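**Q** structure for this input, please:
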Amino acid sequence: MSAGSIYTLLIVESPVIARIVQRYAPSSVYVMSTNGYAWKPVYDPKKHQLKAIADPDQIGFRKELKQQAGWAGNIIIATDPDPSGDFIAWSLCKFLKDPSVKRSYIQHLGKRGIERLISTAEVIQPNLMEQRLKNRSLIRHLWKQNGNRPSMEVAALASIFSDYFKYQNFRDQSGQLWRSNRPIRCNPDEWIPLKDRVNEMEYHTHDPLSTFDLLQLAIENEIFASLENAQNTLQQLFTHTLDYSEDPLISYPRTAANSFFSETWSELQKQFFKVQAEGEFKPMFIRNITGTDVAHESIYPLDLTLTPTKVSGELLSTLRDLYSVIYNQTVKAISVPKEKFNAYQSPFHPDIHFYCPDSDSDSPSAELMPVRTIAETGSILNQLGVQSASSFGKKMDQRQNQNYLKIDGRFVKPGKYLTPYLNNGPVYAEEISTLNKLSENADLTAETIHASLS
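**A** Predicted structure coming up:
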């Protein structure tokens with residue numbers, strides 16, 4: 001019997017996604033949605049135990065799950081690779097008591113995406129997953145016990161505006177964005193004077209889009225007034241299918257990656273030559289290729305022949321505008337860069353080139369101050385393990401409303417209530433990074449965590 005003919009139970013988080021996946025899945029696949037948490041996490045720090053408490057409103061789901069699992073020869077859980085998705089996957093394994101349960105990740109909706117999801121599923125190790133979940137809970141619990149610290153999320157925000165993380169984005173006196181050809185270490189309040197124009201001109205290479213990049217572009221292009229609205233519309237675009245073909249338009253929209261899988265590069269290359277009369281596809285040595293350990297690659301249009309003009313007739317204005325951004329940025333990301341920009345040096349950083357990607361600036365007298373952008377903020381928060389791509393827009397809006405952040409176009413600044421913690425930013429970053437590594441330890445203890453908190 002082939003793998004495709006085995007009755008497969010596929011479990012996802014969203015009922016909307018479940019309906020679309022069912023449409024494209026083979027007839028041997030039945031899709032169920034947990035609709036969020038079917039069990040609630042409860043952690044006991046004294047006993048270092050994690051429990052999954054059944055939600056009484058989800059009794060119907062659990063009854064059907066038990067029935068379908070009894071019939072299935074293959075059970076796959078496709079939840080997000082963040083702590084919430086991990087807990088949902090673990091609680092499902094605990095309920096099903098089946099050692100052969102597998103896990104996979106949704107790359108995009110459509111026949112090819114579902115086939116990939118099923119073929120790449122791997123058996124879950126629930127004990128290891130439980131240990132990581134318990135360790136994360138213990139770390140968060142002990143962090144809160146220290147009254148001198150802000151929440152871990154606020155501490156991570158403070159670290160972003162310190163010199164712990166290098167800078168590659170800068171702002172001149174007129175508000176223009178400048179970039180350096182390599183990240184540099186500098187003080188957050190340091191003004192960097194530009195002096196001499198260098199002989200070589202600088203190329204600005206575009207990377208594939210992460211969720212953070214796309215939300216920043218949506219704000220820059222004034223498509224949306226808030227990041228949360230942008231992210232909600234992005235999710236709508238992901239679940240939208242074309243009337244005439246019922247095909248989806250974009251890949252999975254919640255990702256921190258700036259890269260594509262090798263097979264995606266190959267597929268995009270085939271499509272590129274169908275739609276591009278001019279331009280050169282990126283050769284292998286300058287492609288951003290996603291590693292096998294990454295669950296979700298960058299956002300991209302599934303079919304480059306579906307240009308924004310071709311699909312505009314059936315998309316609402318905001319969906320159309322967002323699709324246009326994704327399409328145009330993807331084409332730039334897979335093309336060899338053509339644009340060159342004047343590059344300048346600074347006496348403080350003589351081996352670094354600075355250039356203005358928005359215009360070919362001819363202003364060597366400019367002074368630059370290091371800044372954080374929306375996309376960079378999301379990337380660092382994700383790196384620190386305190387913010388996933390799935391809720392980034394909502395969380396950023398909340399932090400701005402709480403005066404922890406100020407968002408000015410593409411730029412992010414510390415707000416009133418974040419300022420008192422900025423001096424400790426490097427310490428917070430070091431502590432959070434150390435704790436992230438400790439969360440993988442099978443024998444993690446409270447004493448080990450306390451020793452890591454200065």
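**Q** for the rest of this, base every contact and every neighbour count on C-alpha atoms.
**A** Will do.
**Q** how about the secondary structure of the residue positioned nearest the centre of the chain?
**A** The structure's the chain has its C-alpha centroid closest to Ala256; by CA atoms, centre = their mean the separation is 2.5 Å. Under the three-state scheme (DSSP: H, G, I helix; E, B strand; the rest coil), Ala256 adopts coil.
**Q** contact partners for it?
**A** Shown here is Ala256, whose contacts under the criterion CA atoms under 8 Å, 6 or more residues apart in numbering are Ser210, Thr211, Phe212, His296, Glu297, Ser298, Ser379, Asn382, Ser388, Ala389.
**Q** please name the residues that touch the last one.
**A** Looking back up the chat, that one is Ala389. Listed by CA under 8 Å, 6+ apart, the contact partners of Ala389 are Thr211, Phe212, Arg254, Thr255, Ala256, Gly378, Asn382.
**Q** can you give me the helices in the stretch 251-400 of the chain?
**A** Secondary structure of the stretch 251-400 of the chain by DSSP state H, counting those that start in this stretch: the helices cover 262-275, 308-311, 317-334, 374-383, 392-401.
**Q** check the stretch 51-200 of the chain too.
**A** Using DSSP H, counting those that start in this stretch, helices in the stretch 51-200 of the chain cover 59-71, 83-96, 111-119, 126-145, 152-160.
**Q** and the fourth one, what's its mean pLDDT?
**A** In this model, helix 126-145 has an average pLDDT of 93.
**Q** rewinding a little: adding mean pLDDT, write the helices of the stretch 251-400 of the chain out as CSV.
**A** Rendered in CSV, the data for those read as follows (pLDDT from 0 to 100):
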stretch, mean pLDDT
helix 262-275, 92
helix 308-311, 92
helix 317-334, 96
helix 374-383, 97
helix 392-401, 97
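**Q** gap between Pro253 and Phe224?
**A** Pro253 sits 17 Å away from Phe224, going by CA to CA, to the nearest Å.
**Q** please apply the same query to Lys395.
**A** For Lys395, the distance to Phe224 under the criterion CA to CA works out to 16 Å.
**Q** pull up the distance across stretch 112-128, start to finish.
**A** Start and end residues of stretch 112-128 are separated by 31 Å (CA to CA).
**Q** for stretch 302-321, same thing?
**A** Stretch 302-321 stretches 17 Å from its first residue to its last (CA to CA).
**Q** likewise for stretch 284-301?
**A** Distance between the two ends of stretch 284-301: 20 Å, counting by CA to CA.
**Q** how about stretch 333-344?
**A** Chord length of stretch 333-344, first to last residue, is 24 Å (CA to CA).
**Q** now do the phi/psi pair for Asn187.
**A** The phi and psi values for Asn187, taken as degrees, to the nearest 10, are phi -70, psi 140.
**Q** how is the protein partitioned into domains?
**A** Structurally, the chain divides into domains by automatic domain parsing as follows: 3-142, 146-204+340-452, 211-334.
**Q** what's the local residue count around the nearest residue to Pro283 once chain neighbours are set aside?
**A** What sits nearest to Pro283 in space, not counting adjacent residues and going by CA to CA, 6 or more residues apart in numbering, is Val336, at 7.9 Å. By other CA atoms under 10 Å, the residues close to Val336 number 18.
**Q** kindly report the same for Tyr164.
**A** Summarising burial for Tyr164: neighbours were counted as other CA under 10 Å, giving 18.
**Q** tell me the pLDDT at it?
**A** According to the predicted model, the pLDDT of Tyr164 comes to 93.
**Q** next, the contact list for the closest residue to it other than its chain neighbours, please.
**A** Sequence neighbours aside, Pro426 is the residue nearest to Tyr164 in space, at 5.2 Å (criterion: CA to CA, 6+ apart). Contacts for Pro426 (CA under 8 Å, 6+ apart) come out as Ser159, Ser162, Asp163, Tyr164.
**Q** of these - the most surrounded one?
**A** When neighbours are counted by other CA under 10 Å, Ser159 leads the contacts of Pro426 with 26 neighbours.
**Q** need the nearest residue in space to that residue, chain neighbours excluded.
**A** When the adjacent residues along the chain are set aside, Ser159 lies closest to Gly425, with 3.7 Å between them (CA to CA, 6+ apart).
**Q** hmm, that neighbour is touching Glu153, no?
**A** No. In this structure Gly425 lies outside contact range of Glu153 using CA atoms under 8 Å: 11.8 Å.
**Q** ok, those two, which is more surrounded?
**A** Under the criterion of other CA under 10 Å, the comparison of Gly425 against Glu153 puts Gly425 first, with 22 against 16.
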